[in-house]
Structure formats: structure tokens, C-alpha cells
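Trainee: Here is my input; please provide its structure:
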Amino acid sequence: MIFAAILMALLPLKDTTENVHYYNADSSILFGASLTVPKTKKKCPVLIIVSGTGKQDRDGTMAGHKMFLTIANYLSSNGYAVLRVDDRGTGETTGTYENATTADFAKDVLAGISYLKTRKEIGKIGLIGHSEGGAAAYMAAVQSKDVAFVISLAGLATPGLTALKLQNKAIISSAGISQQSQDRHNLINTMLFDTAYTYANSPDLEQHLRSAYAAWKVLDDEKMKVEGNQETGKGHFFFPLESYIRQATGPWYRYHIRFDPVPYLKQVKVPLLAINGDKDIMVDAAQNLGNYRKYVKHVQVITAKGLNHLFQHCVTCTMQEPATLKEDFAQEVLQQMKEWLDKHK
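Mentor: Next up, the predicted model:
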């Protein structure tokens, strides 16, 4: 019996993952989540993973890769607890995702913080936000004195209008279409984005968008008469007006296009680590890291070389490539997060 006790004491302790549930402040949403806790006799710091745009499960399954699960497994093996949560209307979480804004997602983070404060094994609480989740994370950090540190992964730190323009221009540039088609896409996007920004709070937004499209169509028809159509085959120009209007008139888009991160960034008092891939066409690394550096007091920024929006080493770095890559998440970024956290836990 004594030998068995000694043997058990020498065996490495294993992490535990628990399926947990908790409500938001007014009990209107039930959240389903997984809490991974390292086996230790003392309190351990915890990270809440905050997802980006689009309904995602707690594993962060995107393009066939479980990004959040990969992060959680790595951090828990290095002494950090991790809470990863199903988005609204996904998995075990209730609510309607489509009716929510970034401000609502920040409130969801606060609900997670309140839950973690009930756990005796939890010490300092930090946040890891990916993409739009980076914005929700620092918004939550400003609203809660319980947040000790924040990590932003490809996080949004530019105004919503700027982000949309940069993102769409980069996507179009990588699409392999003619310069003529790129110019046509960029012009209609600019006209519609500017219109959506101007009338974001108007009940007549849809009509303004249709008028802007009609004005662009006049310009485009004249352009094509002069230049002729230089595009052939599958790349023929097409703009999905109806689907864009459905998206643009929704609450998330109206909020996002008028979003200004600067007031929040200026109020962040806790240490913040911002990492963006230099091949990311969804969130521009230079612009966003520049704003983090400019407005956040205690910040470290890292430009991750050769990485896309999902932090994979990419080759073509297009929208379609992530699903074809085997890598789930760059090892060097995991290491950088750990090293930074070890200094701030």
C-alpha cells in the first residue's frame, strides 16, 4: 500500500476537461462550454477564448481545423486553465446569434468571467480573442476589473468601415481575376460600404443601398462600353446585391460598420499581447497592430511571419487555402503566448 501511494505521487498529474453551463446576467441565455483545468494543488490562471465573426463551436472549428481546442490543449499542458464556449445559437448555447453585435459578445465574455469567479481552483482571469473576438475581449476588459490580461489573435483594432474596406480589397486582390474586375469590385464595395456607414442607423438603409447600386451600375455600364469586358470564363464579374443587403441591414453589420475601437483601446489598463499574421487577408496586420501599439498603454505586438488568419503557415494565402493545409495552429505562436503569459500570470 505504501509503495502504491509513492507510485501514485510520482505519476504525472493529468488535466481534466469538464462540460459546464452558466447563464448571462438576465438569465436569457444559457451557455454551454468546456473548462479544461490542469491538475494542480494551487489555483491556476485561466483564459477565456473569445471567438470571431460567424457562429463557431467551442472547439473553434474553422476550415476543418479545431483552433480553440488546439490552443486549450497546449495552454492546459503548460499550467493554464481554459474556458472555451459555444457561440449563441450553437452547440449547447441558446440565443440567436444573428441578432447580436460585438457589444453583445463582450457581455457574453462577462458572463463567463462571472462563472469562473465561482470556481475555487481558478486564479487570475485572462482573455484570448480571435479576430472580432479580439475586439470583444478588450471591450470586456474595459468593463471588468476581474480581467488581468488580454491576448489578441488577429484582433480587430481598426474602425469597422476601415476593416471592411481593407479586408475586401485584399480578398479581391488574391482572387486571381483581371485588374478590370478588381477595379469593378472595389468601386461597388466602396460605394456600398460608404452608404452603409452613412445610413447605418436609418430605417431606410435598404433603399439607400439600392440607390447606391443603381448609381454604380450607370458608371459601370459606361466603363464597359469604353473598355469592353476583359474577363472570361469563371471569373466573370458578379456582385451579390440581395445577400449583401440582407447582411448590411442586420444589427451586427450596422453596429460593426460604425464601430470605433479607439475609445476602448485607450481604456485598456491591463497587459495586452497582440499577434497578427502578415499573410492575413481578413485582418490587416500592419494597420491593426499599429493601432494596438498607438493606443494601448501596456502592449506587446508581434507580426507573425508567413501566417494566415487562422495562424497557419500558408502558401497562396487565399480564402480557400486553409481547408487544404494540415497545420491546425502555428507552434511558434503557441510558444509566444505561453512565454508572455508566464510573465503576467
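Trainee: Just the helices from the stretch 1-150 of the chain, written as ranges.
Mentor: 2-10, 67-76, 102-116, 132-143 (DSSP state H, counting those that start in this stretch).
Trainee: let me redo that: the stretch 151-300 of the chain
Mentor: 160-173, 179-198, 205-227, 241-248, 251-257, 262-267, 285-295.
Trainee: Those: which one's closest to residue 134?
Mentor: For the helices of the stretch 151-300 of the chain, distance to residue 134 was read as C-beta to C-beta. The smallest value, 8.3 Å, belongs to helix 285-295. Glycine gets a C-beta too; all of them are placed from N, C-alpha and C.
Trainee: any weak-confidence spans in the stretch 101-250 of the chain?
Mentor: By pLDDT under 70, the low-scoring segments of the stretch 101-250 of the chain are 231-236.
Trainee: With only the CA atoms kept, save stretch 175-187 in PDB.
Mentor: Extracted C-alpha coordinates of stretch 175-187, given in PDB (Å, rounded to 0.1, in the frame of the first residue of the first chain):
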ATOM      1  CA  ALA A 175      -8.800  36.100 -56.200                       C
ATOM      2  CA  GLY A 176      -6.900  35.700 -59.400                       C
ATOM      3  CA  ILE A 177      -9.200  37.900 -61.500                       C
ATOM      4  CA  SER A 178      -8.300  40.600 -64.000                       C
ATOM      5  CA  GLN A 179      -7.500  44.100 -63.000                       C
ATOM      6  CA  GLN A 180     -10.600  45.300 -64.600                       C
ATOM      7  CA  SER A 181     -12.800  43.000 -62.400                       C
ATOM      8  CA  GLN A 182     -10.800  44.000 -59.400                       C
ATOM      9  CA  ASP A 183     -11.500  47.700 -60.100                       C
ATOM     10  CA  ARG A 184     -15.200  47.000 -60.600                       C
ATOM     11  CA  HIS A 185     -15.500  45.100 -57.300                       C
ATOM     12  CA  ASN A 186     -13.500  47.700 -55.400                       C
ATOM     13  CA  LEU A 187     -15.700  50.500 -56.700                       C
END
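Trainee: May I see the buried residues of that stretch?
Mentor: Across stretch 175-187, burial judged by 16 or more other C-beta atoms under 10 Å covers 177, 180, 181, 182, 184, 185.
Trainee: cool, stretch 320-329 as well?
Mentor: Using 16+ other C-beta under 10 Å as the test for burial, stretch 320-329 gives 321, 322, 325, 327, 328, 329.
Trainee: how much space between residue 62 and residue 303?
Mentor: 22 Å (C-beta to C-beta, to the nearest Å).
Trainee: what about those two, which has more around it?
Mentor: A direct count of neighbours by other C-beta atoms under 10 Å for residue 62 and residue 303 places residue 62 higher, at 20 against 13.
Trainee: Please name the bridge partners of that one.
Mentor: Per DSSP bridges, the residues bridged to residue 62 are residue 65.
Trainee: The helices of the stretch 1-150 of the chain: which one's closest to residue 254?
Mentor: With C-beta to C-beta, the closest approach to residue 254 among the helices of the stretch 1-150 of the chain belongs to helix 102-116: 11.3 Å.
Trainee: on contacts alone, who are the packing partners of that closest one?
Mentor: Contact here means 3 or more C-beta pairs under 8 Å, 6 or more residues apart in numbering; DSSP states H and E; on that basis helix 102-116 packs against strand 16-23, strand 30-37, strand 44-50, strand 81-85, strand 122-130, helix 132-143, helix 251-257.
Trainee: Quick check: chain neighbours aside, which residue is closest to residue 252?
Mentor: Among residues not flanking residue 252 along the chain, residue 101 sits closest, at 5.4 Å (C-beta to C-beta, 6 or more residues apart in numbering).
Trainee: What of residue 58?
Mentor: residue 84 (4.3 Å).
Trainee: Okay, domains of the chain per the record?
Mentor: Following automatic domain parsing, the chain resolves into domains at 11-158+261-344, 160-257.
Trainee: who wins for proximity to residue 140 among the helices of the stretch 151-300 of the chain?
Mentor: Nearest to residue 140, of all the helices of the stretch 151-300 of the chain, is helix 262-267, at 9.7 Å by C-beta to C-beta.
Trainee: Counting neighbours, which bits of that closest one end up buried?
Mentor: Within helix 262-267, the residues that count as buried by 16+ other C-beta under 10 Å are 264, 265.
Trainee: which strands and helices sit next to that helix?
Mentor: Counting contacts by 3+ C-beta pairs under 8 Å, 6+ apart, helix 262-267 packs against helix 132-143, helix 285-295.
Trainee: Put together JSON lines for those helices, with mean neighbour count and distance to residue 250 on each row.
Mentor: Conversion of these to JSON lines gives the following (neighbours: other C-beta atoms under 10 Å; distance: least, C-beta to C-beta, whole Å):
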{"stretch": "helix 132-143", "mean neighbour count": "26", "distance to residue 250": "15"}
{"stretch": "helix 285-295", "mean neighbour count": "18", "distance to residue 250": "24"}
